[in-house]
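Chemist: need coordinates for the below:
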Amino acid sequence: MIDQPSAPDLLDAMAATLAESVVPACEGPAQHAARVVANLCRILAREFQHGADATSQTIADLQGLLGNNAVDADALVAELEQRLASADSAFDDDELFRVLKANVDRRLAVAKPGYSDN
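Modeler: Numbering: from 1, shown residues only. I've put the predicted structure just below:
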């Protein structure tokens, strides 16, 4: 059975309450803090909704780039960092750029939706 409301729904409700009720009732640093917390709630809601898919896509991209079938994202990132630091690492620059940019785009979709580098 699926519990309702979901965690993202609860976080969105918290963000709305903060933004619509708490922020207008505050001034100065407290108002800023309430805005920040409302934004963090929205980010967490998007992370719940999209984070697992984004991580899976990044893992798949890194596996293809590195030729490594590991499923641990941290291990893949560590290998990428090690190979990039190595003087003899050889990557197709276009593929490396595509993988890194796709990861940044996925992270921005959670942290700051609507952001575009265009």
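Chemist: for the chain, what spans make up the helices?
Modeler: In the chain, helices defined by DSSP state H lie at 7-17, 23-25, 28-66, 73-85, 93-111, listed in chain order.
Chemist: pLDDT value on the spatially most central residue of the chain, please?
Modeler: Centroid check for the chain by C-alpha atoms, centre = their mean gives R107 as the closest residue, at 3.3 Å. pLDDT, the model's per-residue confidence, is 91 for R107.
Chemist: let me see the contact set for it.
Modeler: Taking C-beta atoms under 8 Å, 6 or more residues apart in numbering as the criterion, R107 is in contact with A54. C-beta here means a position set from N, CA and C on the backbone, and glycine is covered the same way.
Chemist: run the last query once more with 10 Å
Modeler: By C-beta atoms under 10 Å, 6 or more residues apart in numbering, the contact set of R107 is 47, 51, 54, 58.
Chemist: including pLDDT, neighbour count and distance to L100, could those residues go into a markdown table?
Modeler: A markdown table is the format used below for these (pLDDT from 0 to 100; neighbours: other C-beta atoms under 10 Å; distance: C-beta to C-beta, whole Å):
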| residue | pLDDT | neighbour count | distance to L100 |
| --- | --- | --- | --- |
| E47 | 92 | 17 | 20 |
| G51 | 84 | 14 | 18 |
| A54 | 91 | 19 | 14 |
| T58 | 95 | 19 | 10 |
